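Colleague: Pasted the sequence and its predicted model underneath.
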Amino acid sequence: MNINATLEKLNAMRLSGFERAYREITESPQQDKYTIHELIAHLVDAEYNDKYNKKLCRLIKLARFKQQASFEQLNYHQSRELDKNLLLQLQSCDWIKKSRDILITGSTGAGKSFIACALGFHACVNEYKVMYVTAGKLFDRLVYAKADGTYFKLIDSIARTKLLIIDDFGLKKVDNKQCNMFLDIIDDRHGNLSTIITSQLPVKTWYDCFAEPTIADAILDRLTNGSYRIDVKGPSMRKILKKSE
């Protein structure tokens, strides 16, 4: 048997995980310890893991998270009043399967974006496509897309995203044109896809962030009914981390 020829074929078929594992086995003095079934299982696992890791890296890159975050890094200090059981439950991503939304509120620096990015990271781990964007940049992109004729292309792209994370909502008032655009997005996603929105403002005051009251009612009715709420308390985590340096 020509091992090099086999390796070249695996490379040509882009089975890099399979190729790497097969090469390691052929170079190992213990290669004869595997039964045929164990050998096949080992090679298949190697290829599966290789493809999964590449996909995960691609999903994380496409998401463009503000920061690297995971639940293992979360600070559950009593002053933050985080519901640990809820956050552990959300790690399963069952809420994404059910197309539920999450609204995260809290003061500046409380860690809202970190929690949102951690949720997004776990969505990527579960092989969901994620998009992270600040509210300001999202509305700017929508306005520019409307002007250059790519609006529906952008809307379709967002609609193909299983989890949309909109960070820092409420820093600027949503004008009349933006209200209609935002409704297009939320209406497409409601009951079909999941959205995370973070804001310094309590959810009960979001109505005042919209220039058009009727559209505000429609958007908030879709967002608030059936969504999970996370209200982060306590001092700025940025200040705490800076003091600890």
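Modeller: Everything's here; your move.
Colleague: my read: residue 118 touches residue 73, true?
Modeller: Yes: using Cβ atoms under 8 Å, residue 118 is in contact with residue 73, at 7.4 Å. C-beta here means a position set from N, CA and C on the backbone, and glycine is covered the same way.
Colleague: higher neighbour count, the two?
Modeller: The neighbour comparison of residue 118 against residue 73 (other Cβ atoms under 10 Å) goes to residue 118, with 23 against 9.
Colleague: any idea how far residue 39 is from residue 29?
Modeller: Distance, residue 39 to residue 29, by Cβ to Cβ, to the nearest Å: 15 Å.
Colleague: Between the two, tell me which one has more neighbours.
Modeller: The neighbour comparison of residue 39 against residue 29 (other Cβ under 10 Å) goes to residue 39, with 15 against 6.
Colleague: neighbours around the closest residue to the more buried one other than its chain neighbours, how many?
Modeller: Using Cβ to Cβ, 6 or more residues apart in numbering and skipping residues adjacent in sequence, the residue nearest residue 39 is residue 25, 7.2 Å away. By other Cβ under 10 Å, 17 other residues sit near residue 25.
Colleague: For residue 25, pull up the helix or strand it's in.
Modeller: Per DSSP states H and E, residue 25 falls inside helix 16-26.
Colleague: tell me the angle of the lengthiest helix in the chain relative to helix 16-26?
Modeller: The residue-count maximum for a helix in the chain (DSSP state H) belongs to helix 36-63. Helix 36-63 runs at 140 degrees relative to helix 16-26, counting by axes from the mean of the first three to the mean of the last three Cα atoms, to 10 degrees.
Colleague: Helix 36-63 - what's its average pLDDT?
Modeller: Mean pLDDT, helix 36-63: 91.
Colleague: name the helices or strands packed onto it?
Modeller: Here helix 36-63 touches helix 16-26, helix 112-125, strand 130-134, going by 3 or more Cβ pairs under 8 Å, 6 or more residues apart in numbering; DSSP states H and E.
Colleague: Let me know whether residue 90 touches residue 119 as I believe.
Modeller: Yes: judged on Cβ under 8 Å, residue 90 makes contact with residue 119 at a distance of 6.2 Å.
Colleague: anything in contact with each of these two?
Modeller: residue 102 (Cβ atoms under 8 Å, 6 or more residues apart in numbering).
Colleague: which of the two has more neighbours?
Modeller: Using other Cβ under 10 Å, the more surrounded residue of residue 90 and residue 119 is residue 119, with 26 against 22.
Colleague: So for stretch 27-40, first residue to last residue, what's the gap.
Modeller: Terminal residues of stretch 27-40 lie 17 Å apart, using Cα to Cα, to the nearest Å.
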